[in-house]
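Asks: Please work out how this folds:
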Amino acid sequence: MRAMVLNSIASMNERRAPLEFVDMPRPVPGVGEILVEVSVCGVCHTELDEIEGRTRPPKLPIVPGHQAVGLVAELGRACNRFELGDRVGVGWIHSSDGSVTENISRSFRATGRDVNGGYAEFMTVPENYAYPIPKEFSDAEAAPLLCAGGVGYRALRLAEIEDGQVLGLTGFGGSGHLVLQLARHLYPSSALHVYARSKKEQKFAMELGADWSGDTEADPPELAHAIIDTTPAWKPVLAALERLRPGGRLVINAIRKEDTDRDLMAGIRYEDHLWHEKSIRTVANVTSHDIAEFLPIAASIPLKVSVQPYALEHANEALQELREGHLRGAKVIIIKNR
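Replies: Residues are numbered from 1 along each chain as shown. Prediction:
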């Protein structure tokens, strides 16, 4: 089967094409696993963290990708949730202990980091960690929902917003554009503020229902009760803390932060950033329960998913553009047109 493979860890400054296009054996599903013929796979910033070693795969080579959609092509022994030909999705959580805290369990294994992922024509996954895809979405539209959407849903719950309170979103890529729509649906009376680097992203946010958008350090009309940060940088963390009202909550939705601007955290001031009972929470992965709950909600709205398609052999290009901040919605690898 065709696949894109990571063979070694390196900075993408030094190696702009870190994934190799290869032909490799088709995987065989084990007990309780299904084989998925992948049609599309979303591109996530976590792939950059894997490639550059911030969340290092335990062994190489590895096939990245954890927002995969496809058809069930084969059933392993003891499988009974799906039938051949069913359309399913696979997210970041490949397997765990099934508990409500499975995202922080020692048994947690990540798709595309700990086991081969969706930048390939076929992949295997335990059937309990595959999800039926709502008919409202095409394969390409569904892919970002499996990570950007699911983890965004978790971040929104951790923000503990009530309808009518002010919510801020820092960063407006794959997750941000979905969380904005979800928040508008769940909290129709809340003011939604979006902090984004480019005028293009700010305009896109307003088109999707934001009440205000501006640069990371711009002053919004009012301070927020909660802000969700989906960026890989540290500068937005300090800026967000300054834009919270007393008792406000910052939710950092990132697997890892980059080191580029980490020194800025030396400028944190207790009275400006933390005082008045402000709190910080982090999103540690996503649970299967998050994804299973989120997909029907996304379909009921339904969310408008903006995607940029790339061929499998152009995955390096998609990753480099993501790294350089060229964003409008979510990037998706098309592996098989259906």
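
Asks: okay, now the closest residue to residue 289 other than its chain neighbours: neighbour count?
Replies: Among residues not flanking residue 289 along the chain, residue 100 sits closest, at 6.9 Å (C-beta to C-beta, 6 or more residues apart in numbering). Every C-beta, even on glycine, is put in place using the N, C-alpha and C of the backbone. Around residue 100 there are 7 other residues, counting by other C-beta atoms under 10 Å.

Asks: Return the per-residue confidence for residue 100.
Replies: The model reports residue 100 with a pLDDT of 92.

Asks: how much space is there between it and residue 228?
Replies: Separation of residue 100 from residue 228 (C-beta to C-beta, to the nearest Å) stands at 21 Å.

Asks: Residue 26 looks like it's in a strand, true?
Replies: No - under DSSP: H, G, I helix; E, B strand; the rest coil, residue 26 falls outside any strand and is assigned coil.

Asks: Quick one: residues contacting it.
Replies: Taking C-beta atoms under 8 Å, 6 or more residues apart in numbering, we find residue 26 in contact with 1, 35, 121, 122.

Asks: Now with 6 Å, please.
Replies: Each residue near residue 26 by C-beta atoms under 6 Å, 6 or more residues apart in numbering is listed here: 1, 122.

Asks: what about the residue nearest the centre of the chain, distance to residue 173?
Replies: Nearest to the mean C-alpha position of the chain, by C-alpha atoms, centre = their mean, lies residue 148 at 2.9 Å. Taken as C-beta to C-beta, the spacing of residue 148 relative to residue 173 amounts to 8 Å.

Asks: In three-state terms, label residue 21 for me.
Replies: Going by three-state DSSP: residue 21 is strand.

Asks: Begin at 2, not 1, for the rest of this chat.
Replies: Fine by me, first position is 2 from now on; the one you just mentioned is residue 22.

Asks: so it makes contact with residue 313?
Replies: No - here residue 22 does not reach residue 313: they are 7.5 Å apart, not a contact under C-beta atoms under 6 Å.

Asks: quick one, which of those two is more surrounded?
Replies: Applying other C-beta under 10 Å to residue 22 and residue 313 shows that residue 313 carries more neighbours, namely 22 against 15.

Asks: Make sure the more buried one is actually in contact with residue 338.
Replies: No - the pair residue 313 / residue 338 is not scored as a contact, 11.3 Å apart, by C-beta under 6 Å.

Asks: Many thanks, I have nothing further to ask.
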